[in-house]
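Participant: Predicted model and sequence below, questions to follow.
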Amino acid sequence: QVQLVESGGGLVQAGGSLRLSCAVSGRTFSMYAMGWFRQAPGKEREFVAAISPSGGIIKYADSVKGRFTISRDNAKNSVYLQMNSLKPEDTAVYYCAARKYSSSLFAYEYDYWGQGTQVTVSS
């Protein structure tokens, strides 16, 4: 069983930064592609970023490209999302997700999800 726990959310002013972390249980973390998604009130869950098991393939949503950076540390069973130049429209609950082998932009293709962490960006 794979369990994911996000942390690092909070309240920040526009232009500020936050770093989200996702700790993953299990001995086979290096086999899993990881994704970050977000969901704002009244909106559907949307893709933010994804990283392949080795970290060699990274994808971003256009809305965060150049501002957010996804990374992973397989020795620590963790994936991170560094968020810079935050905007009010980045306000959402952020979720990390895992699926075996290849990364995906589609939430329905991920098998495991964390509980989410709230990010609020004030203007």
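Facilitator: Good, I have the coordinates.

Participant: CA atoms for contacts and neighbours, from now on please.
Facilitator: OK.

Participant: Tell me the buried residues in the helix or strand hosting M34?
Facilitator: Take DSSP states H and E as the rule and M34 turns out to sit in strand 32-39. Within strand 32-39, the residues scored as buried using 16 or more other C-alpha atoms under 10 Å are Y32, A33, M34, G35, W36, F37, R38, Q39.

Participant: Neighbouring strands of it in the sheet, and parallel or not?
Facilitator: strand 46-51 (antiparallel), strand 92-100 (antiparallel) (DSSP bridges).

Participant: What segments of this structure are strands?
Facilitator: Ranges of strands within the chain are 4-7, 10-13, 18-24, 32-39, 46-51, 58-60, 68-73, 78-83, 92-100, 112-113, 117-122, based on DSSP state E.

Participant: Pairing partners for the shortest one, with directions?
Facilitator: Under the criterion DSSP bridges, strand 112-113 sits next to strand 92-100 (antiparallel) in its sheet.

Participant: avg pLDDT for the partner strand?
Facilitator: Across strand 92-100, pLDDT averages out at 97.
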